[in-house]
Structure formats: structure tokens, C-alpha cells
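Peer 1: Just to be clear, the model below is a prediction. Sequence and coordinates:
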Amino acid sequence: METEEAKRVNYEDFFKEAIIRLRDTSKSRGIHSVYSGFNQAFRKYYGEDPVKVTQMLAAEGKIGIRPVKGGVMIYLPGEGPALRRDLGEEALSKILGKPKGMEQTWYEQGIGLVAPEGVKRFPQDFLDMSIDNKEINVINVAGTLLQFAPGSNTLIVSPRKHFRYEAKNPAEAKYILYAHTIGETVIKIPKNNQVVFRAVVNYEKYCQMLAEQCFDQFIKHTNDENIAEDLTAEVIRKLGLIILSKE
């Protein structure tokens, strides 16, 4: 007998149908992840967080995204506004009073506007207490992309499902995914669930705050939403931050 999970359409088809059916092409060729109702629909259908899946599909080139106030705009491949690197570099040159060809690239200059002391690292900068080695669990994970399994907010898998790890709760699962990068295969997780939860929540708030501050700075100095969004998107992409909705 076919399971409910097997009956669900795949992520890519769901996104494409949502974009086509929810967008108003007289205003935009994309949809807002929150204001269109997409995030709520995704959670109701799959029972999982849409943010991670959105980022995964965007990284694979199956959709286009751009960070905006309160979430992201989602587009079919090739339909989103292209990043205008030349305009972005010129805008930052004006903002910072430096000529083109400056030693640092323009996205590094941009992040300097909102995080002059550098970007915080997860998890170490989001743990609100020192953790003794006796108070941590060590998880060995795959050295490849990790993601939530369809229909789950605790089961972490690799793309081909060769790696599987069932987290104790959604916060621990997010903690692992946020801490994981290609090549880093050992993740230390506090045994205290409250410590894990606070670290995850504080990191998510930090990423959203940084994205909004970037956009605010760029729109203030360029008076151009497209350029401001382009600059913000590049900063977020280069830093590998998590794009979150406010829901």
C-alpha cells in the first residue's frame, strides 16, 4: 500500500506549482515566501521547515530566490531579477568613498557596514554558557550535503540517503545542520536541550537581523531596491547565512 509520504509531490514540483498559481504577474514573476502563504502551505503539506528546502533548491538551481523584508522572493529558474554586479560594485564604491578595484571585494566591504568585527560563528558564538566535555555528545556526520528527510523535522539524511541520523528533537536537528559544513564531520552537541534550543533560536534571529540590516544600509545609500537586494543577496550567499522568514 502506498504511504502518504510516497503520494506527495516532490519539492521541485511543489515549488513550481506554487509559484505559477500564487504569483500575480502584473506585480512580480515571483512570490513572497511569507505574504503569499507559501510557507504555511508547505508546512501543512510536508510537515517540515520550508526554509532549508528553499535554500537547497536554490543552491541546485531549481528555483531562484532573493532576500527581501520578512522572507525571500521565490522565482522559477531564470525568471528572477539577475544580480547586477557592476551596479553593485559601483554603488558600494560610492558608499565607502573608495574607487573600483579596491583590495577587498565589494561584498566584504558590504558586510563591514553591519558587522565590522566579523560575523559570529555557529555554534560557538551562540552558546550562552561554557560546556564541559562531559556535557556534550559527539556526532560523526557525512562529509556531504545534509538535509531534512521529506516529512520529518528530526531525521537528517544525505541526498542519496546513505547517511541517516534521527535527532532527539527539531532543535537538535537544526543544530546539526547549522553547524555542518562540507569537510567538517564531527559536531559537538550539548546534552542540555535548553542550551541547544537557545543556540538555534539566537542564531536564526541573528541571521535574519543581519540580512535586514544589510538591506537597510544598502537601500539607505543607493535608493534603489534592486541594487539593495542584489547586494544583500550576495552578502548572504558569500557568508553562508540562513535565510529565515519571520513566522
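Peer 2: Looks like it arrived, so ask away.
Peer 1: Can you give me the buried ones in stretch 28-38?
Peer 2: For stretch 28-38, a neighbour-count test (16 or more other Cβ atoms under 10 Å) marks Gly30, Ile31, His32, Ser33, Val34, Ser36, Phe38 as buried. Every residue, glycine included, has its C-beta placed from N, CA and C.
Peer 1: In CSV: those residues, plus secondary structure, pLDDT and distance to Asp230.
Peer 2: Formatted as CSV, the buried residues of stretch 28-38 follow (DSSP: H, G, I helix; E, B strand; the rest coil; pLDDT from 0 to 100; distance: Cβ to Cβ, whole Å):
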residue, secondary structure, pLDDT, distance to Asp230
Gly30, coil, 91, 15
Ile31, strand, 94, 19
His32, strand, 93, 17
Ser33, coil, 92, 18
Val34, coil, 89, 21
Ser36, coil, 93, 22
Phe38, helix, 95, 22
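Peer 1: Would you format those residues as CSV with distance to Lys52 included?
Peer 2: As requested, the buried residues of stretch 28-38 are arranged in CSV below (distance: Cβ to Cβ, whole Å):
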residue, distance to Lys52
Gly30, 19
Ile31, 18
His32, 18
Ser33, 12
Val34, 16
Ser36, 19
Phe38, 14
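Peer 1: Return the member of these nearest to Ala173.
Peer 2: Nearest to Ala173 out of the buried residues of stretch 28-38 is Ser33 (Cβ to Cβ; 20.6 Å).
Peer 1: Excluding sequence neighbours, find me the nearest residue to the closest one.
Peer 2: Nearest residue to Ser33, sequence neighbours excluded (Cβ to Cβ, 6 or more residues apart in numbering): Gly71, at 3.9 Å.
Peer 1: So the one you found is in contact with Ile31, correct?
Peer 2: No. Gly71 is beyond contact range of Ile31, at 10.0 Å (criterion: Cβ atoms under 8 Å).
Peer 1: And the pLDDT for Trp106?
Peer 2: Note on Trp106: pLDDT of 53.
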